[in-house]
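K.L.:
Sequence and predicted structure, then a few things I'm wondering about:
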Amino acid sequence: MADSSVEIIEGCRLPVLRKNQENEDEWPLAEILSVKDIPGRKLYYVHYIDFNKRLDEWVTPDRLDMKKLQFPKKEAKTPTKNGLPGSRPSSPERDVKRKAESVSLATQVTAATPVPSLPSSAEASQASVYPAMRDPSFSIKSREEHEQLTSLTTNGTTRRLIPSQPGRKRKNCGGTDEMVKVFQNNNPRCSTVFLPPGEMVKVFQNNNPRCSTVFLPPGEDSQDSSDGIPSAPRMTGSLVSDRSHDDIVTRMKNIDCIELGRHRLKPWYFSPYPQELTTLPILYLCEFCLKYRKSLKCLQRHLTKCNLRHPPGNEIYRKGTISFFEIDGRKNKTYSQNLCLLAKCFLDHKTLYYDTDPFLFYVMTEYDSKGFHIVGYFSKEKESTEDYNVACILTLPPYQRRGYGKLLIEFSYELSKVEGKTGTPEKPLSDLGLLSYRSYWSQTILEILMNLKSENGERPQITINEISEITSVKKEDVISTLQYLNLINYYKGQYILNLSEDIVEGHERAMQKRHLRIDPKCLHFTPKDWSKRGKW
Amino acid sequence: MSKLSFRARALDAAKPLPIYRNKDLPDLTDCVSINRAVPQMPTGMEKEEESEHHLQRAISAQQVFREKKESMVIPVPEAESNITYYDRLYKGEFRIPKQLIHIQPLGLDNELPDYDMDSEDETLLNRLNRKMELKPVQFEIMMDRLEKASTNQLVTLQEAKLLLNEDDYLLKSVYDYWVRKRKNCRGPSLIPQIKQEKRDGSSNNDAYVAFRRRTEKMQTRKNRKNDEVSYEKMLKLRREFSRTMSILEMIKKREKSKRELLHLTLEVFEKRYQIGDFSGEILTEVTVPLAEKTIYPAPISLPFSSRHKAESKIKSHNSGPKHLHPFTVKPELHFDFVRSHKKYNKRPRLDTFRQPGRLERQQTINKADIKQYDFHSSGEEDYPLSPASEPDEENDPDGIFAFRRKAGCSYNAPLVDQSCSPHWQQTDQDRLWQRNCLTALSVPRRCIAVARGRVGRGGRVVLDRTSSDLDRALRHLDPDMFYPSADSIVPDLPVHTNTNSHNSRSSPQRSLTQLLSDIQACRWKFFRPRPLQENSRGEDKKGTAQVEKGGATLLSNSVSGGFTEEQFHSHQQQLVQMHKQLQQQELQQNSTAPELHTHLPNTASSDCMSKTLDSASAHFAASAVVNTPNNENRPQIASVNGVLPNSGNFRQAKSNHSVQSGGGGESGSLVRMTNASSPQLPVPQSLPHGHGHLSTVSAVSPAHKHHSARLCAPSPSALKLASVASSLDRVPKVTPTSAIDVARENHEPERLALNGLSETTVAMEVT
């Protein structure tokens, strides 16, 4: 199908064939993120627009609908030839460069003229899908480096060091020394400003986000100025909510397959495993210590030395075959890091930018005669400033859709109950995370509401705060769940909770399916006051 | 019902919500539209992801069907769970323990190599195994070590030899193999590792760099208060560790010597057996000439142990017999003296006078002793730069009286020559005796050797005798004939013998002296006549005092038939000063409220005027000045006591001396300032004699203020000073007179004096 006369470059959009769950053919619009030349043919890495990144894949040219090909626009919000995401405000010199490039590259269609083949509405929606990087600080130098790299590597998936990562600097972080440190982070964008020391501090302290505007050409308003902060990501939490990290490297899966115990997992997202391992067809992980090995032989050798048969932490819960292990991210760095690397393969927004020190990891395992097999885990900040009781949460793909996710969530709230706090998962939630949490919240709240008995003939009633206290679910989450379930109604001058038949029935059906529950009696957990322990 | 006719109240989380079933509410449909009054809660998802096709489908499916449909779930990449070789890979079974698993904090996995053999290695191993036996783990250990020892640069063969300690053939083949493999390796290491961040920050945006250190969070912002304390604790800990190290080192030495001794004894025994010396005759024959030597096995440890003993003594504030220590002559810092003096008022019982000597001694000990393991970090020992982190407070024998550096003050090194020595004759004793001076009694006209005075409880004057080797000799000396030995050879450091607490060590001979000192202590008046005598000698004394240099003082004194007049003077002066200050305090409390008023603003102004002069040093300067009038006042007291004072000349000598000695310390310069500015005072003579410290202080403070304000125009400011002084009514009268005398005698022009003044003022500002 591919027309060989037209060169498909990164940033092009065109319908790509994929099978849907009913195994029917679909032609969703997709974007070419990368092209690689393997002897004999070309492969294209496509992202299906309005589909989750986890479905991105390498496709053969015959799956591309070349007739509807649209090239990236000059100021496109799409990646350019070099995989530079285009939605960032660009600096003048970059523009020049790009123009020159596009002229030389695009032979048939001038890059400056948008291709009118697609409806504009689709265009607009695409734009919002890819805010991508807004880092104008791309220096020519890095581009040149990149180009060298490109010419060296055979495939298009070049490992380019993109100096974007603006991340989010914590606001009001105060002290000058911290500011100086930020500066030392050597963000390329900032290093070009020269201010007297005192002033520098002021700029950084007062209007951090605005700092970026210094570099922007007039009139170009970065729509999320907070993304433009030239610094490392925030230090708390484990998720990145802005998409500034989405350079082309992290937008693409880099591991083909991971073998973990009995399972072969297809990673969904990028994970910073050592780069030399990303070319392997299969990455072998020790099922218990999660160390990565390049070959089965190495894993075999490793297993002769690794006698771990459970996560290297304290077991704080056991009921039946389900156990939970608590692992301190500071004390057991290697395992925590390996766990994070694995988890990153399935969590889009997880950041591994910083060390694991401020986190505790709760690993859920299922026991069989071989040992305690990891099923899923969640991480949790030792001290959360924002009532987070979960940072990252993941059920490994082989165990998904079997109630383990809900079990993990339930466990996280059980911990919060012991701590006497309400908690909420760190944001942003993924699609699966949202569904799981909504489902858990719904079931938990409905369980309470339906079990409420009327006292002395009066109608049973409950406050949102009470629900929150009983469940340890944060008030906002209770409200949003009630709202989502459409339970809150205004009736005769007051708010009421109204349980409709289908909700009651749906709940009863769901609860019948929910076999896996956490038994609080089996939990042996004493919360620690991490604030008194100094550094985590 | 109109939809928009009213606005629903906000949802109150604390308000009870009654729960209805749908069947209870037939008319609910009316109310549904108001539902929007409840604030829309965010989903918590990224906006662009929220719109994703599969999610929306799943959500709507849930909304509609209230349960998931298989086709409506969000599709994910597939996962397989059919690894057939799993059981072969993970061998053995693991029994579930009955108790919850509790992991030991310390893992043992460090001993096993991180490197895992691959199939390529296996072929090499098989090849090698034809010639020798090499276990996979051994091979892995070798590779692991090579890998971990090399960074960017590969380990050389020589280094590898040291590293591996294997036989040459094996080493060579493994090394060569490793080098080859390493060169072919795409990654930076054969053991794949997560990319580390680079210190220069260049890796900040590398997607493959993970788990960066959170450096910012490591700051102990929250516990900043504790920082210094913990820093000090760390210093102390380090010091104690280094001490432990040296002790252990010594123990090692001792045990080695012991072992050697044992071996030698054995050898001797064997030899004796061989010779057949069963009766021990030969042995004794041989050992007799060695008899002296047998005393010596200890010399290695002796100096160490004695030092340690000394240290522990210092630690425990033990003022017992001091060990033998050659003590270096060090001109005592003047301000030290003054400061201790000030404290002396507050806590009369503590022997502040000896403080610098101790300090010095302790330092010597420390250096000699711990030098080996004590790494001087950030100069904490010699020059504690930050005041609060003064190390080792508990070890400090001077306790709260220890000299502490003040933040923001820079201290000049003491100048050794005469002109900069402290302005009291105290210097001499200090050089010789630290805080004690030779004391003689007038009534039993005899010398009681070394003693020092202080004000005891209730203002009593206590003479603390100290024992020295010279005691015996001194006691029998006629004070007039008194002749002290040269300073540098004082063999023993004095012991304080408080007259109140009987020293058990003191021999019967001491009881006499104790009695004497008791008399002294209880009846101060017996001392009165002494000053008179000195004063009469003041004329010729003056000459010597000006010529005298360093330790020669005493010698010259003795030549002039001197009972150490100056020592005694200063001693007395201190004591008198105590009295004076006590009186002054009373005065201050009772009668002189206005004076207080004048005083306070002045000091305040001087404080804020020269910012460099912080409160402590101002205080300190004031106390320095306080000394001046005391000096001049002493004879007056004597006159009060009914003895005719020949004070004029004496005073002259004093002031002369102080002029000469000024400039060494701050106080010295202050004193000089007072003196120098005084020639311009119009009415110096007419002012009353009796004046207190307070007035002096207040007089000086403005002087300082003016001069530092306008250095270029000293005369008007001096005049101002004069007017201020006269207005104060209690102007240091004596100082002017003496200063004038000085000026006349030395034929110094006023200008010079003023220049000197400005110089000193500058010096003050620098501090």
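P.N.:
Yes, it's here.
K.L.:
looking at this, residue A:498 is in a strand?
P.N.:
Yes - under DSSP: H, G, I helix; E, B strand; the rest coil, residue A:498 falls within a strand.
K.L.:
Surely it touches residue B:23?
P.N.:
No - using C-beta atoms under 8 Å, residue A:498 makes no contact with residue B:23, being 10.4 Å away. Placement of C-beta: from N, CA and C, glycine included.
K.L.:
okay, the two: which has more neighbours?
P.N.:
For residue A:498 and residue B:23, the more surrounded residue by other C-beta atoms under 10 Å in any protein chain shown is residue A:498, and the numbers stand at 23 against 9.
K.L.:
Give the full set of residues in contact with the more buried one.
P.N.:
A:487, A:488, A:489, A:491, B:19, B:20, B:21, B:22, B:25, B:28 (C-beta atoms under 8 Å, 6 or more residues apart in numbering or on different chains).
K.L.:
And the furthest pair within these?
P.N.:
A:488 and B:21 (14.8 Å; C-beta to C-beta).
K.L.:
Compare neighbour counts for those two and give me the winner.
P.N.:
Neighbours were counted for residue A:488 and for residue B:21 using other C-beta under 10 Å; residue A:488 has more, 21 against 14.
K.L.:
Okay, and the beta partners of the more buried one?
P.N.:
Under DSSP bridges, the beta-bridge partners of residue A:488 are residue A:497.
K.L.:
Surely it is in contact with residue A:497?
P.N.:
Yes - assessed by C-beta under 8 Å, residue A:488 is found in contact with residue A:497 at 6.5 Å.
K.L.:
which residues do the two both contact?
P.N.:
In contact with both residue A:488 and residue A:497: A:482, B:17, using C-beta under 8 Å, 6+ apart.
K.L.:
which helix of chain A spans the most residues?
P.N.:
helix A:431-451 (DSSP state H).
K.L.:
helices or strands next to that helix in the packing?
P.N.:
Counting contacts by 3 or more C-beta pairs under 8 Å, 6 or more residues apart in numbering or on different chains; DSSP states H and E, helix A:431-451 packs against helix A:404-419, helix A:464-471, helix A:475-484, strand A:494-499, helix A:501-513, helix B:53-65.
K.L.:
could these be laid out in CSV, adding distance to residue B:210 and mean pLDDT?
P.N.:
Formatted as CSV, the helices and strands packed on helix A:431-451 follow (distance: least, C-beta to C-beta, whole Å; pLDDT from 0 to 100):
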stretch, distance to residue B:210, mean pLDDT
helix A:404-419, 23, 96
helix A:464-471, 35, 95
helix A:475-484, 30, 91
strand A:494-499, 46, 86
helix A:501-513, 38, 90
helix B:53-65, 28, 81
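K.L.:
Verify the stated contact: residue B:144 with residue B:114.
P.N.:
Yes - using C-beta under 8 Å, residue B:144 is in contact with residue B:114, at 5.8 Å.
K.L.:
Show the buried residues in the contacts of residue A:498.
P.N.:
Neighbour counting with 16 or more other C-beta atoms under 10 Å in any protein chain shown marks A:487, A:488, A:489, A:491, B:19, B:20, B:25, B:28 as buried within the contacts of residue A:498.
K.L.:
Who are the contact partners of the first one?
P.N.:
For residue A:487, the contacting residues are A:449, A:497, A:498, A:499, A:503, by C-beta under 8 Å, 6+ apart.
K.L.:
Where does the prediction get shaky in the stretch 1-150 of chain B?
P.N.:
B:1-8, B:26-39, B:65-71, B:105-110 (pLDDT under 70).
K.L.:
now do 80
P.N.:
Regions of the stretch 1-150 of chain B meeting the criterion pLDDT under 80 cover residues B:1-10, B:22-41, B:62-72, B:104-111.
K.L.:
Show me where it has its helices.
P.N.:
Assignment of helices within the stretch 1-150 of chain B using DSSP state H, counting those that start in this stretch yields the ranges B:29-32, B:47-50, B:53-65, B:86-89, B:119-131, B:136-149.
K.L.:
Tell me which residues of the fourth one come out buried.
P.N.:
Buried residues in helix B:86-89, counted by 16+ other C-beta under 10 Å: residue B:89.
K.L.:
Over to the fifth one?
P.N.:
Within helix B:119-131, the residues that qualify as buried by neighbour count (16+ other C-beta under 10 Å) are B:121, B:124, B:125, B:128.
K.L.:
what about it and chain A, touching?
P.N.:
Yes - contact of helix B:119-131 with chain A (C-beta under 8 Å from any C-beta of the partner chain) involves B:119, B:122.
K.L.:
got a list of contacts for that helix?
P.N.:
Residues contacting helix B:119-131 (C-beta under 8 Å, 6+ apart): A:295, A:297, B:117, B:134, B:136, B:139, B:143, B:169-170, B:173-174, B:177, B:181.
K.L.:
Just the buried ones from those?
P.N.:
Buried members of the contacts of helix B:119-131, counted by 16+ other C-beta under 10 Å: A:295, A:297, B:117, B:134, B:136, B:139, B:143, B:170, B:173, B:174, B:177, B:181.
K.L.:
still on that earlier bit, can you tell me which of the helices of the stretch 1-150 of chain B comes nearest to residue A:372?
P.N.:
Closest to residue A:372 of the helices of the stretch 1-150 of chain B, according to C-beta to C-beta: helix B:86-89, at 15.2 Å.
K.L.:
Please list the outside residues in contact with the closest one.
P.N.:
Around helix B:86-89, the neighbours that count as contacts under C-beta under 8 Å, 6+ apart are A:261, A:262, A:296, A:299, A:300, A:303, A:370, B:83.
K.L.:
from memory the last one sits against residue A:258, does it?
P.N.:
It refers to residue B:83. No - using C-beta under 8 Å, residue B:83 makes no contact with residue A:258, being 11.6 Å away.
K.L.:
So, low pLDDT: which residues of the stretch 201-350 of chain B?
P.N.:
The stretch 201-350 of chain B contains residues with pLDDT under 80 at B:201-205, B:214-229, B:286-350.
K.L.:
Mind doing that once more with 90?
P.N.:
Residue ranges of the stretch 201-350 of chain B with pLDDT under 90: B:201-207, B:209-210, B:212-233, B:268-269, B:271-350.
K.L.:
sorry, back to before: which one of the buried ones among the contacts of helix B:119-131 sits closest to residue B:234?
P.N.:
Nearest to residue B:234 among the buried ones among the contacts of helix B:119-131 is residue B:143, at 39.7 Å by C-beta to C-beta.
K.L.:
Alpha carbons of the helix or strand harbouring residue A:250, as CSV, please.
P.N.:
Using DSSP states H and E, residue A:250 maps to helix A:248-251. The C-alpha trace of helix A:248-251 is given here as CSV (Å, rounded to 0.1, in the frame of the first residue of the first chain):
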residue,chain,number,x,y,z
ILE,A,248,10.9,11.3,21.5
VAL,A,249,12.9,8.9,23.5
THR,A,250,10.5,8.5,26.3
ARG,A,251,7.5,8.5,24.0
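K.L.:
Which elements pack onto that helix?
P.N.:
Going by 3+ C-beta pairs under 8 Å, 6+ apart, helix A:248-251 lies up against strand A:29-38.
K.L.:
thinking again about what came up before, same drill for residue B:83 and residue A:258, tell me which one is more crowded.
P.N.:
Neighbours were counted for residue B:83 and for residue A:258 using other C-beta under 10 Å; residue A:258 has more, 25 against 16.
K.L.:
What pLDDT does the model give the more buried one?
P.N.:
Looking at residue A:258, its pLDDT stands at 95.
K.L.:
again with residue B:194
P.N.:
On the pLDDT scale, residue B:194 is placed at 89.
K.L.:
can you count the residues close to it?
P.N.:
Residues within reach of residue B:194, counting by other C-beta under 10 Å, total 19.
K.L.:
quick one: contacts for the closest residue to residue B:143 other than its chain neighbours?
P.N.:
Excluding its sequence neighbours, the residue lying closest to residue B:143 (C-beta to C-beta, 6 or more residues apart in numbering or on different chains) is residue B:115, at 4.5 Å. By C-beta under 8 Å, 6+ apart, residue B:115 lies in contact with B:140, B:141, B:143, B:144, B:147, B:190, B:191.
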